[in-house]
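A.B. asks: What shape does this take:
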Amino acid sequence: MNLKELEQIFEKYNGEYIKFEHVENKLSNRPDLHALLLLDKLVPGKRDMVAAAEHDEIYLDVELSELAEVVTEAQIRDLIRCGVRHDSYNDSLSLFV
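C.D. replies: Purely as a prediction, here's the structure:
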């Protein structure tokens with residue numbers, strides 16, 4: 001998929017935001033940890049996953065173009081269920097803490 005499609009899928013599943021109980025194959029019982037583990041599995045990296053923090057929000061060090069190449073719609077839905085948001089202003093993924 002491309003970046004536009006990725007953004008559209010985030011919008012499509014906005015109603016699933018923070019509904020972790022709907023995630024079927026949990027990598028952790030903690031929503032934030034599940035999201036971070038899933039993202040690391042999809043787009044492995046060598047730096048810290050948290051790239052920045054501001055006003056009770058953390059920004060994740062995930063290259064969206066790389067994520068778009070490998071992520072499925074179901075995985076995006078599960079990330080949303082964990083509280084991950086697509087921040088179009090900063091062109092990044094973020095989580096409220």
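A.B. asks: can we go C-alpha only for contacts and neighbour counts from here?
C.D. replies: Noted.
A.B. asks: mean confidence for whichever strand or helix holds residue 76?
C.D. replies: Here residue 76 sits within helix 73-81, counting by DSSP states H and E. In this model, helix 73-81 carries a mean pLDDT of 98.
A.B. asks: quick check, distance from the longest helix along the chain to the centre of its chain.
C.D. replies: When the chain is parsed with DSSP state H, its longest helix is helix 31-42. Offset of helix 31-42 from its chain centre (CA atoms, centre = their mean, to the nearest Å): 8 Å.
A.B. asks: now do stretch 19-27
C.D. replies: Using CA atoms, centre = their mean, the offset of stretch 19-27 from its chain centre is 14 Å.
A.B. asks: just stretch 57-74 next, same as before
C.D. replies: The gap between the average C-alpha position of stretch 57-74 and the chain average comes to 6 Å, counting by CA atoms, centre = their mean.
A.B. asks: can you map out the strands along the chain?
C.D. replies: Using DSSP state E, the strands of the chain run over residues 50-54, 57-60, 84-87, 92-96.
A.B. asks: Buried deepest among these, which one?
C.D. replies: Ranked by mean neighbour count under mean count of other CA atoms under 10 Å, the strands of the chain are led by strand 84-87, which reaches a mean of 20.
A.B. asks: CA-only coordinates of that strand, as PDB, when you get a sec.
C.D. replies: This file holds the C-alpha atoms of strand 84-87, laid out as PDB (Å, rounded to 0.1, in the frame of the first residue of the first chain):
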ATOM      1  CA  VAL A  84      -1.800   4.400  18.000                       C
ATOM      2  CA  ARG A  85      -2.700   7.400  16.000                       C
ATOM      3  CA  HIS A  86      -1.600   8.700  12.600                       C
ATOM      4  CA  ASP A  87      -0.400  12.300  13.100                       C
END
